[in-house]
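K.L.:
sharing a model prediction with you, sequence too.
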Amino acid sequence: MKVILEMKHATKKFGGLIANEDITFSIIEGEIIGMVGPNGAGKTTLFNSISGTHSLTSGHVIFDGTDITKKKPYEICKLGIGRTFQIPQALNEMSVFENVLVASLNRHQSISAAKEHTKKVIAMCGLASFIFMNAGDLNVMQKKRLEIARALATEPKLLLLDETMAGLSGVERKEAINLIQRIRISGITILMIEHVMEVVMSVSDRVVVLSSGKLLAEGTPEEVTQNQQVIQAYLGGSVH
Ligand SMILES: Nc1ncnc2c1ncn2[C@@H]1O[C@H](COP(=O)(O)OP(=O)(O)OP(=O)(O)O)[C@@H](O)[C@H]1O
């Protein structure tokens, strides 16, 4: 078993506010890890520290054996971490194909190789029928898929998914879960922030729970749902 990501005593402060405090956990290659916690718990802040949007106040992020704590987002992307954003960040005036191609060019120097790769990623994400549509004209589900496609096009070893299920219907969620499982089968490790508990519990190998900036618990979905601290601090009652 190879550790692909290690958070070591990760602390992030914004002035007097401690958004992440002394967070330590590891992710094993091939896992799907669910990250849960109430609004403001510090989940997105942790994603931002991993992907280089900002750097930690103290502590370390080790990815695939390299200390990436102080690296820039484009360097972290090159090393193999892709991410999506809670609010899709696509270039609305460009087509689905162009959006994914831009991301693919991060990895491929030749345009023809980048185009080939773009087509594969678009097909994998179920967007083939919308390939020439402008990103701004897609519906919520398609925008979420495009967000994932743009991250996948950079050929990550680790994919960070930020609330992929938000705003999706039950049927759309099932399709999104399907896509996440296909991504894992293709060999990519996944860390996902998710508020929809049934999704977290059904797809995650392990779950990490944040509360008020701290790591409250980690374990299998069964373990965390039986953890009294989690039930009280996060859910205020039953998890089921
Ligand atoms: N750039 C920033 N400057 C100042 N405070 C910030 C910044 N980013 C986040 N925070 C604060 O840090 C805390 C953690 O926020 P964060 O967005 O990480 O939580 P979250 O768990 O992702 O919440 P949600 O589920 O609502 O997205 C919050 O109190 C937030 O207001």
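P.N.:
On my side now, so go ahead. Numbering: from 1, shown residues only.
K.L.:
give me the domain ranges for the protein.
P.N.:
1-80+156-240, 88-155 (automatic domain parsing).
K.L.:
can I assume T164 sits in a strand?
P.N.:
No. Under DSSP: H, G, I helix; E, B strand; the rest coil, T164 sits outside any strand and is assigned coil.
K.L.:
quick one, what contacts it?
P.N.:
Applying CB atoms under 8 Å, 6 or more residues apart in numbering, we find T164 in contact with 84, 144, 147-148, 176, 180, 192, 194. In short, each C-beta sits where N, CA and C put it, glycine included.
K.L.:
return the member of those nearest to the ligand.
P.N.:
Proximity of those to the ligand (CB to the nearest ligand atom) peaks at E194, which lies at 9.9 Å.
K.L.:
isn't the closest one right up against V200?
P.N.:
Yes. With contact defined as CB atoms under 8 Å, E194 and V200 form a contacting pair (4.8 Å).
K.L.:
which neighbours do those two share?
P.N.:
In terms of CB under 8 Å, 6+ apart, E194 and V200 are both contacted by the residues 34, 36.
K.L.:
and this protein, which residues reach the ligand?
P.N.:
Applying the criterion CB under 6 Å from any ligand atom, the portion of the chain that neighbours the ligand consists of 14, 17, 19, 37, 39-45.
K.L.:
now these: which count as buried?
P.N.:
With neighbours counted using 16 or more other CB atoms under 10 Å, the residues of the chain next to the ligand contain these buried positions: 19, 37, 41-45.
K.L.:
rewinding a little: could you dump the residues of the chain next to the ligand to CSV with distance to E31, secondary structure and pLDDT?
P.N.:
Supplementary listing: the residues of the chain next to the ligand in CSV, determined by distance: CB to CB, whole Å; DSSP: H, G, I helix; E, B strand; the rest coil; pLDDT from 0 to 100:
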residue, distance to E31, secondary structure, pLDDT
F14, 30, strand, 97
L17, 30, strand, 97
A19, 24, strand, 98
G37, 18, coil, 91
N39, 25, coil, 88
G40, 26, coil, 92
A41, 21, coil, 93
G42, 21, coil, 96
K43, 17, helix, 96
T44, 20, helix, 96
T45, 21, helix, 97
